[in-house]
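In: Sequence plus the predicted model coming up.
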Amino acid sequence: MNSLSIDLFTDAIDLVAVLLLALGLKGLSKVRSARAANGLAALAMGLAVVGLLIQLQPSPVTWLWIAVGSALGGLAGVVTAQRVPMTAMPEVVALFNGCGGMASLLVAIGVALFASHDSGMVELVSIAISVFVGAITFSGSIVAMAKLQGWLDTPAWTQSSLRHGVNISLALLCLLGGVLIPAHPAGWPLWLLVGASTLLGIGVTLPIGGADMPVVISLLNSYSGVAAAAAGFVVGSQLLIVAGAMVGAAGLILTQVMCTAMNRSLVSVLFGGALGGAGGSVGGGGSEAGYTRITSCSPEECAMALEQAERVVFVPGYGLAVAQAQHALRELAKLLEAHGVEVSYAIHPVAGRMPGHMNVLLAEADVPYEQLVEMDIINPEFPRTDVVIVLGANDVVNPDAKSDPSSPLYGMPVLEVDQARQVFVVKRSLGAGYAGIANALFELPQTAMVFGDAKAVLNGLLSELRSLGVGKVAAGAKEKVAA
């Protein structure tokens, strides 16, 4: 092949990769097509790598480095996919965002070290942007991962105006380094920008509390795309520019969706401090709020209500993920369906610790896609619902968000489970959610608390329903149909 043929061939590969990536991103918007879409996106990236290798025609030593790096990265990916529990998926997503930012940062530094004053202004500006965004993405993602994992709390000083002064100072240092990089591409301005951007990523992310983590993760995902697009300008890769721009735009759209779902502005998330107080811990609910009219019941009483129900809605929350109870929930749903009960799952956009967390959790248990119903669609259905079972969710079902202007949640769209005929809330305790306030749902006359671990409670409900003959009735009906 001559150089012209190689260029045409690699351009064709890049075009196919871009189209596949666009289709993959579009498919990720639907639960049913998400798995296939992820495969398309992976294929697109594989083709992109093949095209680049054909174009560069690396030396044998370079091939060795590429092979070793690919093997190590692939092994790490396989081990991560197989060993990381579903409850830790938000942390993994944050880590992957950070890896994307670090990759862009390292590419930009590598090019900067060999750049000269004769390099084009576009390349030098792209280096500065890639370093700035890449470093912020990396350090911010690591902080987000540490907070999600419970390794890092929110320091009290970050909830004061002091943090704004620190972050503004770091931003000014970033600006100084970025402006001076064209004059000294491989000199001290580069390292000033690297250091200040890394610290700025920490300073911006550290004050953000657990309730805002879905927004933070989607925003960091957008940052990783922007960093990749900037790195594309640095190395002259049109594919990387297009792919990074698509990921960045998709992340920004998702961030806006998350903010709307929480009735929060992006400015308030980034600069307003941790929702629910200075602690900002993501390890679980807050201290118990004061309640005076709580009704509790046993799994036996809940099972009797389920036996008589015609329509049941499950509301999954982070407590379900912590208890690893998704498979027990699926077994309970199948038993109810065999009994003739209409079952669905109400999905709030910010339930869990990352966008789509509950969808991923339930998909792992083979819950049918059509039973996962978004908030806007399920809310009008609650008045005709016999039983709602809330599993580890709190703020996303608090009716004060609709009726109490003094509530921190006021205006936030919530699942209107209070409209159902009967509500059972499965929780370990009466601990508050991340807003740090009492949940008015718990004191409503149609609400009963079922205290305990979600998995234990669901298994208890399964046993009780079977003892009531629900499973036997379903089996008998199937035998009659077969006969």
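Out: Cool, the structure landed.

In: Skipping adjacent residues, who's closest to the spatially most central residue of the chain in space?
Out: By C-alpha atoms, centre = their mean, the chain has its centre lying nearest to residue 354, at 2.2 Å. The shortest distance from residue 354 to any residue other than its chain neighbours is 3.9 Å, reached at residue 90 (C-beta to C-beta, 6 or more residues apart in numbering). (C-beta placed from N, C-alpha, C; glycine too.)

In: Now do the contacts for that neighbour.
Out: Residues in contact with residue 90 (C-beta atoms under 8 Å, 6 or more residues apart in numbering) are 148, 213, 217, 352-354, 357.

In: Can you tell me the element it falls in?
Out: helix 89-113 (DSSP states H and E).

In: Off-centre distance for that helix?
Out: Relative to its chain's centre, helix 89-113 lies at 18 Å (C-alpha atoms, centre = their mean, to the nearest Å).

In: Now that helix: average pLDDT?
Out: Throughout helix 89-113, pLDDT has a mean value of 89.

In: Tabulate the contacts of residue 90 (JSON lines), appending secondary structure and pLDDT.
Out: Listed next are these as JSON lines, based on DSSP: H, G, I helix; E, B strand; the rest coil; pLDDT from 0 to 100:
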{"residue": "148", "secondary structure": "helix", "pLDDT": "82"}
{"residue": "213", "secondary structure": "helix", "pLDDT": "76"}
{"residue": "217", "secondary structure": "helix", "pLDDT": "85"}
{"residue": "352", "secondary structure": "coil", "pLDDT": "79"}
{"residue": "353", "secondary structure": "coil", "pLDDT": "76"}
{"residue": "354", "secondary structure": "coil", "pLDDT": "78"}
{"residue": "357", "secondary structure": "helix", "pLDDT": "85"}
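
In: roughly how far apart are the residue nearest to residue 354 and residue 111?
Out: Using C-beta to C-beta, to the nearest Å, residue 90 is found at 33 Å from residue 111.

In: next one: residue 420
Out: Where residue 111 is concerned, residue 420 sits at a distance of 59 Å (C-beta to C-beta).

In: Pretty sure the residue nearest to the centre of the chain sits against residue 89.
Out: Yes: if you go by C-beta atoms under 8 Å, residue 354 and residue 89 touch, sitting 6.8 Å apart.

In: In contact with the residue nearest to the centre of the chain, which residues are there?
Out: 89-90, 93-94, 213-214, 217-218.

In: domain ranges for the protein?
Out: If you go by automatic domain parsing, the domain ranges for the chain are 1-80, 96-283, 299-482.

In: So for whichever strand or helix holds residue 35, what gets flagged as buried?
Out: In the assignment (DSSP H and E), residue 35 maps to helix 31-56. Judged by neighbour count (16 or more other C-beta atoms under 10 Å), helix 31-56 contains these buried residues: 31, 33-34, 37, 40-41, 44-45, 47-48, 51-52, 55.

In: Include distance to residue 243 and pLDDT when you put the residues you listed into TSV, please.
Out: Listed next are the buried residues of helix 31-56 as TSV, based on distance: C-beta to C-beta, whole Å; pLDDT from 0 to 100:
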residue	distance to residue 243	pLDDT
31	23	71
33	19	83
34	18	81
37	15	90
40	13	91
41	9	89
44	8	89
45	8	85
47	11	87
48	7	83
51	12	82
52	12	79
55	16	77
